[in-house]
Structure formats: structure tokens, C-alpha cells
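Visitor: kindly generate the corresponding structure for this input.
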Amino acid sequence: MPYYESVLIARQDLSAQQAESMAEQFAGVITNGGGKVAKTEYWGLKSLAYRMKKNRKGHYLQLTIDAPADAVQEMERQMGLHEDLLRHLTVRTEELDETPSVMMQAKSSRDDRPRRDDRPRRDDRPAKPARDEKPAEASESKPAEKGAE
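Guide: Okay, here's the model as predicted:
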């Protein structure tokens, strides 16, 4: 069977649980059509690049699908009829990617950063030279005179 990735954007006034249950509803359509959903990811509530149907934010979800084309077409048909869904995009892929998507990897990499308490403070930084001071090389060398040539 072909492999697909589908990304959904749900309205901002839904809760995270409602958005995830909507993804489960579409996953049920796929399983009823003879396919399976390999992975479901909830990316969170994110700002949109522009307003869509009077919404400035949206819940992003991704479904990784292994299903026949008929099941995917039925899922997309139901997505078009769903009133809580702002946008959706389904793309056919060559293979299923079981690893976390880039969006989920970005969240986990944030945990590796040092906390604000661990950062050096302004007093601990090396002092910068004052603006009035010139570098040592510039003061030793004299500019060439124009008439000496």
C-alpha cells in the first residue's frame, strides 16, 4: 500500500484533547478503509502566517498513514466537511518515517539548552575596551604623507 503524511490545522478555540480526538476520528476512517495509521503527532497550538477563517492560531496535527488511495480520499472528503478544520494537506511519501518529525525534535532540543540561571551574568563577562582607546597597532604606525612620494 502507498504511504502518506497528512497535516491538519484545527481551530484555535478547541482544546488539545478535542483536536487529538478529531485526529483519532480521521484515523478511524483510515482503518475502516483497510489501512493503518502508523504515527499521530500533536504539534501544539501555533500562530498562523495569516488569518484563516478569522483564526490567528491553530492546533497542528500530523498523521503518518499506510493505506489504499480510496481510504485516503474518503478521509480527505470528510476533512473538507469538518467545520473545526481550517486546512489540511496530504502528501504521498516513498516510505514510512517512524522517527519523530522535525517539529517534535525541535521541542526536545529546547530541553537541552541551559536555563537562564546558568547563563553568565553581565558582571562575569570580559570587559570591552572603551571607545576612546585605540588599538596598540594603530597608534604605533604613522600614516604616510601625501607629498613624500
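
Visitor: against E76, how distant is L96?
Guide: To E76, L96 is 19 Å away according to CB to CB, to the nearest Å. Yep, even glycine has a C-beta here, placed from its N, CA and C like the rest.

Visitor: and for D13?
Guide: 24 Å.

Visitor: what of T40?
Guide: From T40 to E76 the distance is 17 Å (CB to CB).

Visitor: and for N55?
Guide: Going from N55 to E76 by CB to CB gives 21 Å.

Visitor: cool, D66 as well?
Guide: 16 Å.

Visitor: CA atoms only: put the longest helix along the chain into CSV for me.
Guide: Longest helix of the chain, by residue count under DSSP state H: helix 16-32. This file holds the C-alpha atoms of helix 16-32, laid out as CSV (Å, rounded to 0.1, in the frame of the first residue of the first chain):
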residue,chain,number,x,y,z
ALA,A,16,-5.9,19.9,22.8
GLN,A,17,-7.9,16.9,23.7
GLN,A,18,-10.6,17.8,21.1
ALA,A,19,-8.0,18.3,18.4
GLU,A,20,-6.5,14.9,19.2
SER,A,21,-9.9,13.2,19.2
MET,A,22,-10.5,14.7,15.8
ALA,A,23,-7.3,13.1,14.6
GLU,A,24,-8.5,9.8,16.1
GLN,A,25,-11.7,10.2,14.1
PHE,A,26,-9.8,10.6,10.9
ALA,A,27,-7.6,7.6,11.8
GLY,A,28,-10.8,5.6,12.3
VAL,A,29,-11.8,6.4,8.7
ILE,A,30,-8.4,5.1,7.5
THR,A,31,-8.7,1.8,9.5
ASN,A,32,-12.2,1.3,8.2
